[in-house]
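Visitor: coordinates only, sequence not included:
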């Protein structure tokens, strides 16, 4: 090991070099401390530390082979807080209790950490590497922008307290992610940029006024007055450069120390050259000054960035509003049905607890209403604007708001298992991955900037040879006029604007990098049950035999089916809706046939017509007519017994209202629609016919669906699969993009790329249209950027563009691309997707009336 | 035109003063919500805000 500790070194040794005395703490950069107490060699050179904490961190880094941080970092590390590691157990417990720690399917646990004190990219990379080295940690990924780290670990090897302690050992403070803190930071970011922009704009106006004097006066300004104007301009320009332009300096410095050419490097270079030249001219009282160009440039570029920031934060806010609905407090009945209640943290609720939801309060967990009747507002979860009346037996979701009346709810899923919690995790995961196009744009921007710098150098040399007096102005113009904004600013802005707009429509991305694939989709494959249809079988129509009544027949059917879990049985029980059921004894299920039992009037059977006919005799003519007339997509359920035939029920799974609109919108957009189902051909064909899908395949196994998609992909198709259940898993995974409806199983949601929260199938079309539009806008931006830079940079290099014109040109170009990207903010509902209202109505008419 | 010698520095001071004022007002949260206060004036409701939901 190359890293050896030598604390409490001899005083003689510490006094060896006077220069070393002035050296700040090698870890945290602290200047004032007692030298000589804490010393250790780092990478072969002796280094001083201010305290045991800093030394300990350096030791940790040394042992982990991570001391390269010290060479790469751009800012000193935060000083480790000695107490940081003490309350980790408490923090970890709270995180687990509040659902921040999530169990994954493969048995690992996952948490999102907010890491304070990460000031540069190197620190972030260090944190990742260090955590990945910890035993039991399987995955640690940091999002530089949000300073958020997703950590995944095996619970039998390590725990959250150990992970928090590991972060603390590096001197960073890690908090399990809390949205409220993020909002605070967003506001500060907004205020800071507003301040910088406002100062720059004010200064710009006044400097332009001073400059105007010399631009527009006929006989020139008297020299001494011109000098005064120059000095005044300089006084106003300095705060712009030092305060307003500070982010540019910081970013450029960070990029340069990483040997990277970011978009701020030419900006800063241009500003610096212009300032030095202007200050020199002002001091000497002769020569050109560029204060007007400098201030205008900074003000306009900050304006473009403010727009971009607002769009980014608006998009984030659409998702944050969800997070704020996470309820904390629950009122639990101590011993239901007793009336005594206690207040507990919502995360501590368990299945089958009974909670009281007061009027106006948030529902603390997913559950079933046991008592009471009230309008519940689920707008945040499903986009449904109106309160929906919920009574006994109805399901309510955590995060929805209770209306007028108190409700008693039996808890089904609490804490991290609620629908709300799973949606939040999904969006967090999506935020941690970036679209491939923004990563590409970043890389291209780097090359672009390197090219601009080279170009500027060549220009400078050429003009020094041709006409030295103009060399400076021309070089500044080249540096300033180049505009990489389409790459570095507008691309992320477009991606986030689209995400935000879709989130408001009830569509969330489970992965951030699906945008390009979504835009290229050529085939959309639907599952039938639960996707195009509602997924619950209902009674469509019925016929009764002579001598039987409708209500009696339904009550008897419900009594026979009451114990069965078959979808048909549940549909019948629901249709009877609480009718008084007759006594039925000796209930027995006959697999694939139906149910039989014994009543006061002899044996009765419910099930397939042949099953009933076996004891009730041939079907009467009135019922046969009904059975023959029933549409192909319905399932017939017969009821009869020793006393004769009773009734025939036609059962069907009703189509979603917007299924037809969704298919129509996709077909209008030139996307092929297909229906893959495991159901019987008659049912599948009927759905295909009503929705207008030409290519429907029935009786497919889950593997069959996957193979069919694979065959499509071999033929060059980009396939999006829309499904809901576990049996779609292989198909969802095989398709390039998968959509899940929120009413589907949690499994489908966790693997899906896109989740439709409000169960509107038509949002699939909207999302695809939005993605296509986003890519189109990005391509427009790229085209504009290429055209602009191809014209502007050579023109500037040849001396046709003054620095002032260059500043205006560049700033306007960034406004153009950012403004174009922000058109996506309102994309989703209308755009070239399907206006749902327009086509939904006819679809509803055709929907399975039969 | 000697008056310019006075007016120009004066204008610089004025800009710096306005800048400082603006800087303070942003920090004070005056620009955080541009719609809310205007709307609030219009709601003619003097009753105290609703308390936490009762039992």
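Guide: That came through fine. Everything quoted here is computed from the prediction, not taken from an experiment.

Visitor: for chain B, which spans come out with low pLDDT?
Guide: B:1, B:33, B:35-55 (pLDDT under 70).

Visitor: flag every residue of it that's near chain A.
Guide: Applying Cβ under 8 Å from any Cβ of the partner chain, one finds that chain B approaches chain A through B:1, B:4-5, B:8-9, B:11-12, B:15-16, B:18-19, B:22-23, B:26-27, B:29, B:31-32, B:53-55. Yep, even glycine has a C-beta here, placed from its N, CA and C like the rest.

Visitor: same thing but 6 Å
Guide: For chain B, the contact set with chain A under Cβ under 6 Å from any Cβ of the partner chain comprises B:4, B:8, B:12, B:15, B:18, B:19, B:22, B:23, B:26, B:53.

Visitor: any idea which of those is closest to residue A:284?
Guide: Residue A:284 lies nearest to residue B:8 out of the residues of chain B next to chain A, by Cβ to Cβ, at 19.7 Å.

Visitor: tell me the contacts of the closest one?
Guide: A:228, A:232 (Cβ atoms under 6 Å, 6 or more residues apart in numbering or on different chains).

Visitor: ramachandran coordinates for it?
Guide: The phi and psi values for residue B:8, taken as degrees, to the nearest 10, are phi -70, psi -50.

Visitor: if we can go back for a sec, narrow the residues of chain B next to chain A to those in helices?
Guide: Per DSSP state H, helices hold the following members of the residues of chain B next to chain A: B:4, B:8, B:12, B:15, B:18, B:19, B:22, B:23, B:26.

Visitor: which of these count as buried?
Guide: B:4, B:8, B:12, B:15, B:19, B:22, B:23, B:26 (16 or more other Cβ atoms under 10 Å in any protein chain shown).

Visitor: quick one on the thing from earlier: and the furthest pair within the ones in helices among the residues of chain B next to chain A?
Guide: B:4 and B:26 (32.2 Å).

Visitor: going along the chain, name the strands of the stretch 701-850 of chain A.
Guide: Here the stretch 701-850 of chain A has its strands, by DSSP state E, counting those that start in this stretch, at A:719-723, A:737-741, A:754-756.

Visitor: tell me which of the ones you listed lies nearest to residue A:396.
Guide: Between residue A:396 and the strands of the stretch 701-850 of chain A, the tightest spacing by Cβ to Cβ is seen for strand A:737-741, at 18.9 Å.

Visitor: which elements pack onto the closest one?
Guide: strand A:719-723, strand A:754-756 (3 or more Cβ pairs under 6 Å, 6 or more residues apart in numbering or on different chains; DSSP states H and E).

Visitor: give me the pLDDT for the residue of the stretch 451-600 of chain A found nearest chain B.
Guide: Nearest to chain B, among the residues of the stretch 451-600 of chain A, is residue A:504, at 18.0 Å (Cβ to the nearest Cβ). On pLDDT, residue A:504 comes in at 74.

Visitor: could you do residue A:838 as well?
Guide: So, for residue A:838, pLDDT stands at 34.
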